[in-house]
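[1] I would like the atomic coordinates for the input below:
(one chain, ligands or ions: 1)
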Amino acid sequence: MERSKKTFKVKGKLIGGQRPMICIPLIGKNTQELIEELDVIKGKQPDIIEWRADYFENLDDESKVIDALNKISDIAGGVPLLFTIRSAAEGGQKIALNEKDKLNLLKLLVGTGSIDFVDYELDNNEDDIKYLRKITNNHDIKLIFSYHNFEQTPSVETIFEIGRQAENYQADMVKISVMPKNMDDVLVLLEATQAINKHIKIPVVSISMGEYGSISRMFGWKFGSAITFGIGEQSSAPGQIPVEDLRSVINIIEKST
Ligand SMILES: O=C1C[C@@](O)(C(=O)O)C[C@@H](O)[C@@H]1O
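    Sure, this is the predicted structure:
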């Protein structure tokens with residue numbers, strides 16, 4: 001496979017290399033739930049843990065967020081932490097913060113040194129995207145620009161352009177998660193993944209969601225997807241499969257190819 005893209009390491013984990021990283025999302029709504037979830041998840045040895053903070057019921061209370069983050073970071077130990085407040089428009093929970101509050105919170109968290117990556121939707125305002133790139137760069141935190149479509153799978157060309165847009169905004173990676181209506185759509189996502197992997201210089205994470213798409217979570221990495229999301233305790237998106245199954249399939253494919 002042609003590989004002109006940049007890879008990078010976070011806490012010793014190679015992102016964008018030959019083997020996909022397994023990420024487990026945390027979706028607890030309070031600190032206690034997060035700790036319990038994390039205890040289970042830690043035992044499953046994820047490469048990355050994602051805190052989907054849009055599920056956290058006290059997101060509008062900075063001290064509670066910092067307290068939860070400190071606890072998560074302590075328990076996670078050396079496992080890289082991805083911080084995501086998924087927007088409601090792209091499948092996240094409704095939150096009490098407006099975009100300005102959200103950016104202020106992100107600025108605060110980026111300065112703590114406890115998170116390794118931030119995910120932010122490409123659909124956001126251009127000034128906000130550039131601002132977030134600036135503050136994450138200042139703290140050497142990796143930034144993922146993402147796109148989610150729970151309705152359909154856009155064309156290969158449109159998905160490719162999303163990758164290009166993220167690269168132009170100087171993302172460290174691009175994440176694209178789309179809903180297929182049939183297996184043709186799954187192929188569209190895989191073809192676009194391969195094109196981005198070949199021609200765009202940042203690692204791509206791609207997901208075809210739902211029942212049709214769940215196979216993309218198992219072998220999308222062979223087409224260039226750098227991270228796959230699996231269920232540790234609870235699913236955070238349609239079509240996710242348990243991490244144990246994901247790891248078995250990846251091992252089998254790796255052994256036989
Ligand atoms: O963007 C993604 C991908 C995802 O939506 C999935 O389909 O596995 C799961 C989310 O938690 C994560 O933020």
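
[2] Which neighbouring elements make contact with the helix or strand encompassing T193?
    In this structure, T193 sits in helix 183-199 according to DSSP states H and E. When contacts are defined as 3 or more Cβ pairs under 8 Å, 6 or more residues apart in numbering; DSSP states H and E, helix 183-199 sits against helix 156-168, strand 173-178, strand 204-208, helix 210-219. C-beta: built from backbone N, CA, C; applies to glycine.

[3] If you count neighbours, what's buried in it?
    Of the residues in helix 183-199, those with enough neighbours to count as buried (16 or more other Cβ atoms under 10 Å) are D185, V186, V188, L189, L190, A192, T193, Q194, A195, I196, N197.

[4] want to throw the residues you listed into a markdown table with distance to the ligand and pLDDT?
    Converted to a markdown table, these look like this (distance: Cβ to the nearest ligand atom, whole Å; pLDDT from 0 to 100):
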| residue | distance to the ligand | pLDDT |
| --- | --- | --- |
| D185 | 14 | 98 |
| V186 | 13 | 98 |
| V188 | 16 | 98 |
| L189 | 11 | 98 |
| L190 | 15 | 98 |
| A192 | 15 | 98 |
| T193 | 14 | 98 |
| Q194 | 19 | 97 |
| A195 | 20 | 98 |
| I196 | 16 | 97 |
| N197 | 18 | 96 |
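
[5] Turn the residues you listed into a markdown table, including distance to L109.
    Formatted as a markdown table, the entries for the buried residues of helix 183-199 read as follows, by distance: Cβ to Cβ, whole Å:
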| residue | distance to L109 |
| --- | --- |
| D185 | 35 |
| V186 | 35 |
| V188 | 35 |
| L189 | 31 |
| L190 | 34 |
| A192 | 31 |
| T193 | 30 |
| Q194 | 34 |
| A195 | 34 |
| I196 | 28 |
| N197 | 30 |
